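A.B. asks: kindly generate the corresponding structure for this input.
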Amino acid sequence: MSIQGIHHITLVCANAQHTIDFYTQILGLRLIKQTVNFDDPGSYHLYFGNQLAQPGSVITFFEWPNAPKGYPGLGGTHHLALCAADESALLKWKRRLIDLGIPVHGPYDRHYFKSIYFRDPDGVLLEIATNGPGWAVDEAPDQLGTAHLAPPPAMIIANRDESRIREQQWPNPVTTIAPEMALEQGLHHITAISANIERTHAFYAGLLGMRRLKMTDNFDDPGSAHWYWGVDQGEPGTVITYFERGAAGKRMARIGIGQTHHFALKVADEVSQLEWREKLIRAGLPVSPVMDRIYFKSIYTRDPDGHIVEIATAGPGFTVDEDMSRLGRTLQLPPWLEPHREDIERTLTPIRV
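C.D. replies: Got it, this is the predicted structure:
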């Protein structure tokens, strides 16, 4: 009974087609499932991931065109990060995005990785982060997360030198996504916002049993806490991080276009999931019944600030209703919605894959 890492993150978009075009044509992710929100079957639920449709690589979207604009805040997500192999791949991504007219910030040195930032069509803040150098650059592997380590002052100064940062550019146009650039490793980390970092630590480490990997400060706001939790040695795809923002005068997040609805942590199977459900109930947390999402089973709870956190099973996976070679090409419905396919398809705006 253990958390194995990130399963997926789910956001809200305004236009399914724009989202498909951006995540497949710009970022090179694969549309792995075209279905509907099982709780709101009049709206699309789109899944993107790597070529093998592996948990930990999955970003999903509810299309809610009439939803209000979302924004980050307490109980919400600040950004999500995808994993790039190295700094060379990072600079190629920067050049590709800029040439496509997408503003890019960075690369910035985050000590444990380097990264760039940009936004999707709805304003979701996206990061691409390198694999390394990793969490052990300033702590022994068996001591990760045991001491507060402030960002090196020289690094903070360097990250504020925008003219130097702008000069860090791949020299040639990048019109195609080369194999060394492909975002096949999936998610690097997800960063959310907390009013009380110690209370958040009690949730992730004390209750969920995840390992604290790092106690540091927000590099862009020194003096405010930025803590990291993960699995084992904190491999990319297992890491959740939080910025601490004091509750006084800070707004709560609003779910809406451009903001996260929830993120999901992965467990091995349904037996483990039921054990987690009982543990969360004993801890006094609100927990949903087990929900059948066809591709996995889910339960939902909330972190101490109200962020929806899902615990999802690793399987059965995205090939239960489509062959791997044809994932995402046609609308898939769960058995209980299949009799209503004609009405559902009439409600949805046709999309081009």
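A.B. asks: so what's Pro236 up against?
C.D. replies: Shown in contact with Pro236 (Cβ atoms under 8 Å, 6 or more residues apart in numbering): 83, 129, 131, 185-189. No exception for glycine: its C-beta is placed from N, CA and C like everyone else's.
A.B. asks: and it, helix, strand or coil?
C.D. replies: Per DSSP: H, G, I helix; E, B strand; the rest coil, the secondary structure class of Pro236 is coil.
A.B. asks: residue numbering should commence at 150 henceforth.
C.D. replies: Let's use 150 as the start, then, which means that last one is Pro385.
A.B. asks: quick one: pLDDT of it?
C.D. replies: According to the prediction, Pro385 has pLDDT 93.
A.B. asks: let's have the contacts of Pro385 in CSV, adding neighbour count.
C.D. replies: What follows is these, written out as CSV (neighbours: other Cβ atoms under 10 Å):
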residue, neighbour count
Cys232, 23
Ala278, 25
Asn280, 17
Gln334, 18
Gly335, 22
Leu336, 28
His337, 24
His338, 26
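A.B. asks: how many other residues sit next to Thr173?
C.D. replies: 15 (other Cβ atoms under 10 Å).
A.B. asks: may I see the contacts of Pro385 arranged in TSV, with distance to Leu249 as well?
C.D. replies: Conversion of these to TSV gives the following (distance: Cβ to Cβ, whole Å):
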residue	distance to Leu249
Cys232	21
Ala278	20
Asn280	24
Gln334	22
Gly335	22
Leu336	22
His337	21
His338	25
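A.B. asks: can you list which of those are found in strands?
C.D. replies: If you go by DSSP state E, the contacts of Pro385 have 232, 278, 336-338 in strands.
A.B. asks: quick check, nearest of these to Phe368?
C.D. replies: Closest approach to Phe368 among the ones in strands among the contacts of Pro385 (Cβ to Cβ): Ala278, at 12.6 Å.
A.B. asks: quick check: that closest one touching Tyr266?
C.D. replies: No - here Ala278 does not reach Tyr266: they are 9.7 Å apart, not a contact under Cβ atoms under 8 Å.
A.B. asks: neighbours of Leu176, just the number please.
C.D. replies: By other Cβ under 10 Å, the residues close to Leu176 number 20.
A.B. asks: same question for Thr324.
C.D. replies: If we define neighbours as other Cβ under 10 Å, then Thr324 has 10 of them.
A.B. asks: contacts only, for it.
C.D. replies: Counting by Cβ under 8 Å, 6+ apart, Thr324 has contacts 245, 248.
A.B. asks: for it, give me the pLDDT.
C.D. replies: Predicted confidence (pLDDT) for Thr324: 96.
A.B. asks: any chance of the backbone angles for it?
C.D. replies: phi -90, psi -20 (degrees, to the nearest 10).
A.B. asks: before we move on, what about the one 10 residues further on?
C.D. replies: Comment: the main-chain dihedrals of Gln334 come out as phi -80, psi -10, following degrees, to the nearest 10.
A.B. asks: test my guess that it contacts Cys232.
C.D. replies: Yes - look at Gln334 against Cys232 with Cβ under 8 Å: they come within range, at 4.0 Å.
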